[in-house]
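Participant: coordinates only, sequence not included:
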């Protein structure tokens, strides 16, 4: 009998009862056994041996909204390549925010996929789809269950995974949850604001030692990007950045902004926190008293530039600061190349301040400008090794030179998610581009991704929890699924 790969949590060999233990190891296990914890038991009675399968080599992870602390939007996975085929699928039994709410991206680490619904956080075995645990968080994504097409595009995520823990906040407090069991390990309240009043948690990230966050500005409420909706809980600007001990929640340091810090303009890596301290954009603001259902016209956006700042990750002390035209609304950092990318999140359905049309890269260690150029792109830029990819072009990370790249996809406003060989995106259905084969855009028919990021190339697979809630178009399959490429590990 030929079994599919990765489905088994436990394999027992009856043949080995007479013949003795099989020649297996953590690195050399049956393909039917799931990686990262699947067990095989072989050997004669009274002398049986148990081997636990390890992690697939070069499998990658996705621990933050945009893959990592640096916002690369690209995992380190070197396994998954096209063509993609189903490995497992399951029903949608966790209530999810509707697709126009742009909910938070799923996360993946150590064989587990973490998905946040409207009222709970769930962990699933990424290799066979089995539920592992569920942590109740009532109404945690209620604000994303609307047609505003803002959501995570504005706020960033509210959860991350590091050091064996999942950190998830509900604005008032951050829960530390054991990634393996779902058991609550602690609660960390947001630090107080400068005036001593209670703070509201905004940005979140962790390297396993420190837990990073920000105090969101509740007065800066931004307007909807599509259909009129209540965006009062979708806070994307903060007045303070801070670091806590990731185990105890003890405050290590804080940086109080001169102006404001946009959550999308924070990146961490190589011992530094990079951020843009910049005046708020009045054109982004939403007046809750305005009952209009249409977006007001924006004729000319006025948004003063800010300061690009690097802080020491351990102490919060300033390492360098640049007053040179900090124009951007998003940052991404490559520790491998010491390169800090500044640009815009100039996507379909966006804030007025996301004007787009420009990219720049700085040396992360010194702030020295490497290049700055006009560039047209309509997705959030992604860093894959030495190349920046976006819908609209590709550029050398260190020189800015244009690179050969074509992305002809169908409709959809979802963003790119990448790995070494793969780009994932919405192209009506689930689209992908295998960078190793030059085959052009291919599709997995019958399913549609969401309107931000919900398909991840990680762990040797493509993981696609559902993000199509509310859609009435004729996509035949609404499910959670994992897809496998041409690898044979």
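Facilitator: Okay, I see it. What you see is a predicted model, and the numbers here were worked out from it, not measured in a lab.
Participant: next one: the residue nearest to residue 63 when sequence neighbours are not counted from residue 182, what distance?
Facilitator: Excluding its sequence neighbours, the residue lying closest to residue 63 (Cβ to Cβ, 6 or more residues apart in numbering) is residue 161, at 4.9 Å. All C-beta spots, glycine's among them, are computed from the backbone N, C-alpha and C. Here residue 161 is placed at a distance of 12 Å from residue 182 (Cβ to Cβ, to the nearest Å).
Participant: of these two, who's got more company?
Facilitator: Neighbour count, other Cβ atoms under 10 Å: between residue 161 and residue 182, residue 161 has more, with 24 against 17.
Participant: could you list every residue that touches residue 312?
Facilitator: 271, 272, 273, 318, 319 (Cβ atoms under 8 Å, 6 or more residues apart in numbering).
Participant: any idea how far residue 270 is from it?
Facilitator: Residue 312 is 11 Å from residue 270, by Cβ to Cβ.
Participant: and if you look at residue 362?
Facilitator: 13 Å.
Participant: same question for residue 377.
Facilitator: Residue 377 sits 25 Å away from residue 270, going by Cβ to Cβ.
Participant: these two: which is more packed in?
Facilitator: Neighbour totals were compared for residue 377 and residue 270, and residue 377 leads with 22 against 17 (other Cβ under 10 Å).
Participant: the more buried one against residue 392, yeah?
Facilitator: Yes - at 3.5 Å, residue 377 counts as touching residue 392 under the criterion of Cβ atoms under 8 Å.
Participant: which residue ranges of the stretch 51-200 of the chain form helices?
Facilitator: Assigned by DSSP state H, counting those that start in this stretch, the stretch 51-200 of the chain shows helices spanning 152-155.
Participant: residue boundaries of the strands in it?
Facilitator: Ranges of strands in the stretch 51-200 of the chain, per DSSP state E, counting those that start in this stretch, are 85-90, 107-109, 112-116, 120-125, 131-136, 159-162, 165-169, 173-178, 184-189.
Participant: quick one: closest of these to residue 48.
Facilitator: Residue 48 lies closest to strand 120-125 among those, at 24.3 Å (Cβ to Cβ).
Participant: how deep is residue 357 tucked in, by neighbour count?
Facilitator: 13.
Participant: likewise the one 10 residues further on?
Facilitator: Under the neighbour criterion other Cβ under 10 Å, residue 367 is assigned a count of 17.
Participant: how much space between it and residue 340?
Facilitator: 8 Å.
Participant: returning to that earlier point: kindly indicate which of the contacts of residue 312 lies nearest residue 119.
Facilitator: Distances from residue 119 to these, taken by Cβ to Cβ, are shortest for residue 273, at 32.0 Å.
Participant: list the contacts of the closest one.
Facilitator: 212, 241, 243, 255, 266, 267, 310, 311, 312, 313, 316.
Participant: for those, could you give me CSV that also reports secondary structure?
Facilitator: Below are these laid out as CSV (DSSP: H, G, I helix; E, B strand; the rest coil):
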residue, secondary structure
212, strand
241, strand
243, strand
255, strand
266, strand
267, strand
310, strand
311, strand
312, strand
313, coil
316, coil
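Participant: and which of those residues is nearest residue 83?
Facilitator: Set against residue 83, the nearest of those by Cβ to Cβ is residue 267 (33.7 Å).
Participant: model confidence for that closest one, exactly?
Facilitator: Listed pLDDT for residue 267 reads 99.
Participant: can you say which helix or strand has the closest residue to residue 401 other than its chain neighbours in it?
Facilitator: Leaving aside its sequence neighbours, residue 401 sits nearest to residue 395 (Cβ to Cβ, 6+ apart; 6.7 Å). Per DSSP states H and E, residue 395 falls inside strand 393-396.
Participant: and the contacts of the first helix or strand past that strand going along the chain?
Facilitator: Sequence-wise, the next helix or strand downstream of strand 393-396 (DSSP H and E) is strand 417-418. By Cβ under 8 Å, 6+ apart, the residues outside strand 417-418 that reach it are 62, 67, 73-75, 105, 382, 384, 389, 423-425, 453, 455-457.
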